[in-house]
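>>> Requesting a structural model of the entry that follows:
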Amino acid sequence: MPKLLIVDDEADVREFAKRFFAKRSIDVTTAAGGREALEIIGREKPDLVLLDVRMEGMTGVEVLRELRGKQDETRVIMVSGVNDEEIVNAAKGFGVRGFVHKPLVLEELEKIVLAELKK
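The predicted structure is shown next:
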């Protein structure tokens, strides 16, 4: 069963996405912030991470930077409520697999996540 980590500081977003993907036979774990996400990634080695860009304490780009600094090549898709070219470029520099914009469109999110998990 593929493993997905959903990282978002909004509990309702995390739980909604968790239920959605669990119904598709995906093992889903959630994290409320960057530090927690890094601990889970190190421990559970998810196949894919949905990572919110803007979070309290540690941004999604900072999480990516730390992962790549540890030579961790975990696949990451960024989730953002804003379209900021500077963030997009920084994330691409750290090998992000794609971007999904909020509000989440479930069909789009499902298509991107399932395609990435099949690789």
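>>> The chain: helices as residue ranges?
With helices called from DSSP state H, the chain shows them at 11-22, 34-44, 60-69, 85-93, 106-117.
>>> Check those helices for me: which has the lowest mean pLDDT.
Per-stretch mean pLDDT for the helices of the chain is lowest at helix 85-93 (a mean of 87).
>>> what packs against that helix?
helix 60-69, strand 75-80 (3 or more C-beta pairs under 8 Å, 6 or more residues apart in numbering; DSSP states H and E). Glycine gets a C-beta too; all of them are placed from N, C-alpha and C.
>>> Excluding residues flanking it in the chain, which one is nearest the residue sitting nearest the centre point of the chain?
In the chain, the residue lying closest to the centroid (C-alpha atoms, centre = their mean) is Leu50, at 1.6 Å. Leaving out its chain neighbours, the residue that sits closest to Leu50 by C-beta to C-beta, 6 or more residues apart in numbering is Ile6, at 4.8 Å.
>>> ok, that neighbour - contacts?
13-14, 17-18, 21, 28-31, 49-50 (C-beta atoms under 8 Å, 6 or more residues apart in numbering).
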